[in-house]
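In: Here is a sequence together with a model predicted from it:
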Amino acid sequence: MKKLKMNPRSKSSGQVIVILIIVVALLVGAWWWLSSNKQEMATEGKQFARDAAQRIVVQRDMNFFNSHLSPQARMNFPQSAQQDFFAEIAKLGAPSGAIDVKGEIEFNSQFFEPHGSFQARINYPARYADLNLIVSHPVGRWQIDQITFLPQQELH
């Protein structure tokens, strides 16, 4: 009986195909993970902005505010400025109705360094105010980079 010999070239081309399939599978898996992580970060960022508006304007939670300021925002808002900020909010009383927060999360690179700009209109019985938030997620948690509270003139 004759022995069939396999061509060594066909054996190595089969190995190359298997390696290519593995590499493609890894790339597809990595892309899927990055995409789902990006979507999750965008959802978390929007939720953080809504929570921040609620806790700052409605609940007037100074501890939340102070603990979520970025290092630069902490320099811009020393303790006395934080007290003045919350006093300005308290002057208007309790908001009437829900706070509508609008904005989007963007990424500096395709999948990393999320940040967002949000605007909220807060209605009060005699007027309204605008709350502008810039948030980011550099490492570990969401933080407030900038915040402004702009009360409008009284409605007549």
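Out: Perfect, thanks for sending it.
In: Look up how far residue 29 lies from the residue most central in space within the chain.
Out: Centroid check for the chain by Cα atoms, centre = their mean gives residue 45 as the closest residue, at 2.5 Å. According to Cβ to Cβ, to the nearest Å, residue 45 stands 25 Å off from residue 29. Where C-beta positions appear, they are placed from N, C-alpha and C, glycine not excepted.
In: Summarise which helices and strands the lengthiest helix in the chain is packed against.
Out: The residue-count maximum for a helix in the chain (DSSP state H) belongs to helix 8-53. Counting contacts by 3 or more Cβ pairs under 8 Å, 6 or more residues apart in numbering; DSSP states H and E, helix 8-53 is packed against strand 100-107, strand 114-123, strand 128-136.
In: Measure how it sits relative to strand 100-107, angle-wise.
Out: 150 degrees (axes from the mean of the first three to the mean of the last three Cα atoms, to 10 degrees).
In: right, and the helix or strand after helix 8-53?
Out: helix 62-67 (DSSP states H and E).
In: Can you mark which positions in that following helix are buried?
Out: Within helix 62-67, the residues that qualify as buried are 64-65, counting by 16 or more other Cβ atoms under 10 Å.
In: Now do that helix: which elements does it pack against?
Out: If you count contacts as 3+ Cβ pairs under 8 Å, 6+ apart, helix 62-67 packs onto helix 79-91.
In: rerun at 10 Å
Out: Secondary-structure packing of helix 62-67 (3 or more Cβ pairs under 10 Å, 6 or more residues apart in numbering; DSSP states H and E): helix 8-53, helix 71-76, helix 79-91, strand 143-151.
In: Tell me which of the ones you listed sits most buried.
Out: Across the helices and strands packed on helix 62-67, the average number of neighbours (mean count of other Cβ atoms under 10 Å) peaks for strand 143-151, which reaches a mean of 17.
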